[in-house]
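Student: give me the fold of what follows.
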Amino acid sequence: MDPSQSAPVALAERRLAWLDARQRVLAQNIANADTPGYRPRDLPDFARLVAKQGAMAVALIRTDAQHIAPARDPRARIDRTATEASPNGNAVSLDREALKVADTDTAHALAIGLHRRWLGLFRTALGRTQ
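Tutor: Here you go, the predicted structure:
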């Protein structure tokens with residue numbers, strides 16, 4: 001049995017990929033904080049995404065460097081929680097985006113920790129320490 005193919009490890013890896021994509025979307029929001037008319041975006045909640053698609057669904061990836069990459073993550077949706085807009089129509093709140101970035105960073109640390117501990121259990125069971 002390959003421990004890296006177990007359900008908890010696969011789910012942790014999927015969570016890490018989702019967190020990476022969310023961090024890119026949040027970085028775009030922060031980069032466009034002064035762009036007139038810009039509406040912040042965010043990814044759908046991970047738990048809802050897993051429940052809807054199943055734990056083992058796979059997203060499309062670029063298989064060749066010459067393929068055209070999308071300008072933004074196709075999973076990103078306009079953030080409906082952004083209710084206030086500045087006079088130029090921009091609805092990015094740097095405080096809210098900073099909180100989301102911090103939350104994403106904390107979730108990333110947790111997912112990495114779970115991934116390492118799960119694989120550590122297999123190493124211990126096999127009598128390996130490293």
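Student: what about Ala111, which SS state?
Tutor: helix (DSSP: H, G, I helix; E, B strand; the rest coil).
Student: same thing with Ala91?
Tutor: Per three-state DSSP, Ala91 ends up coil.
Student: low-confidence ranges, this structure, go.
Tutor: 1-6, 53-63, 67-86, 129-130 (pLDDT under 70).
Student: what do you get if the cut-off is 50, keeping everything else the same?
Tutor: Residues of the chain that meet the criterion pLDDT under 50 lie in 55-58.
Student: quick one: the strands in it?
Tutor: Ranges of strands in the chain, per DSSP state E, are 41-42, 77-78.
Student: which parts of the protein are helices?
Tutor: 7-31, 46-53, 94-125 (DSSP state H).
Student: and Arg39, which of those is closest to it?
Tutor: helix 7-31 (9.1 Å; C-beta to C-beta). Yep, even glycine has a C-beta here, placed from its N, CA and C like the rest.
Student: run through the residues that contact the residue nearest the centre of the chain.
Tutor: Ranked by distance to the mean C-alpha position of the chain (C-alpha atoms, centre = their mean), the top residue is Leu19 at 2.0 Å. Listed by C-beta atoms under 8 Å, 6 or more residues apart in numbering, the contact set of Leu19 reads Thr104, Ala107, His108, Ala111.
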